[in-house]
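Asks: sequence plus the predicted model coming up.
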Amino acid sequence: MATKGVPPRWDRKMQQRLARGEAAALGELYDRFASLVHALAHRVLADDAAADGVTREVFVHVWEHPDAYDPRQGPLRSWMAALTHRLAVQRLRATETAALAGDGAGGAEKEKAGEASESRETRETRETRETGETEEAAELERKVRHASVAARADYIVQSMPAPLRAALDLAYFQRRDYRQTAADLGVTEDEARRRLRLGLQLLSTAHDAGTPSGYGGSV
C-alpha cells in the first residue's frame, strides 16, 4: 500500500524524465493519455479538429513546462485532465467571442454604409440591439458551463474505480435494474445498490464550480 502523501512512482518518474527533456518520456505520456485528452477536449468543443488542436496544446504545454505538475498535488492523469479542460474552455470562449465579434463587425459595416438610416434610429431600437448582445453573451456563458459540466462528468466516470464504473454502465447505459446489475456483476443486490449510490455521488460533483484546486496550473 502506498504511503499517504507520497505520489505514485510512475507519475513522479515521468515528471522527472520530462524535466530532463527526454523525448521518449513525452511519447510514452502521449501513448497513455492522448485518447483521454482528446475525448475530454471533444466533449467541450464538439469538434474533432478543435479537439486535435487542444490535444497538441496540452502535450506542448507539458513538454515546455514539466515543472507545472507537482506529483504531491495528485495523479498526473487528473492534472492533465484539468489542464485539458482549462485549455478547451479557453478555446471555446475564444471561438464564441470571435463569432460574436464578427457579427458585431458585420453590423458595424452595415451601419457605416447607412449613416442616414442610423441617424433616425430610435432609443428603443438601440436598447433592443444591446439587449440582444447581452443575451448572446449570456448564452455563451451557459454553453461554457454546460460543456464544463459534461467534460467533468466524463472524466469522473473514466477515473472512478472500475467496480463503480461497471455498475453505472450496466444500470444507466445498458438499462439494467439493480437486480440485473447485481447478477451481471456477480455481487449481492445490496452491493449493487451501494456501488450505484457511490457512483452517483461522485457524478454529482460534476456540477461543482471550477477546477480542483492545485490541478491544471496556469496556462
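Replies: It's in.
Asks: is residue 175 in a helix, a strand, or coil?
Replies: Following DSSP: H, G, I helix; E, B strand; the rest coil, residue 175 is assigned to coil.
Asks: return the per-residue confidence for it.
Replies: Listed pLDDT for residue 175 reads 78.
Asks: before we move on, what about the one 5 residues further on?
Replies: Looking at residue 180, its pLDDT reads 88.
Asks: how about the one 4 residues further on?
Replies: At residue 184, the model reports a pLDDT of 89.
Asks: start at 31 instead
Replies: Renumbered: residue one is now 31, and that last one reads residue 214.
Asks: so who does it touch?
Replies: Counting by C-beta atoms under 8 Å, 6 or more residues apart in numbering, residue 214 makes contact with 200, 206. The way it works is simple: take the backbone N, C-alpha and C, and place the C-beta from them, glycine included.
Asks: for the protein, which segments count as helices?
Replies: For the chain, the helices defined by DSSP state H cover 39-49, 53-75, 78-94, 106-143, 145-149, 153-189, 192-198, 208-215, 219-234.
Asks: I'd like the mean pLDDT over the longest one, please.
Replies: Throughout helix 106-143, pLDDT has a mean value of 75.
Asks: identify the residues contacting the nearest residue to residue 210 once chain neighbours are set aside.
Replies: Among residues not flanking residue 210 along the chain, residue 200 sits closest, at 7.3 Å (C-beta to C-beta, 6 or more residues apart in numbering). The neighbours of residue 200, taking C-beta under 8 Å, 6+ apart as the test, are 206, 210-211, 214-215.
Asks: nothing else from me, thank you.
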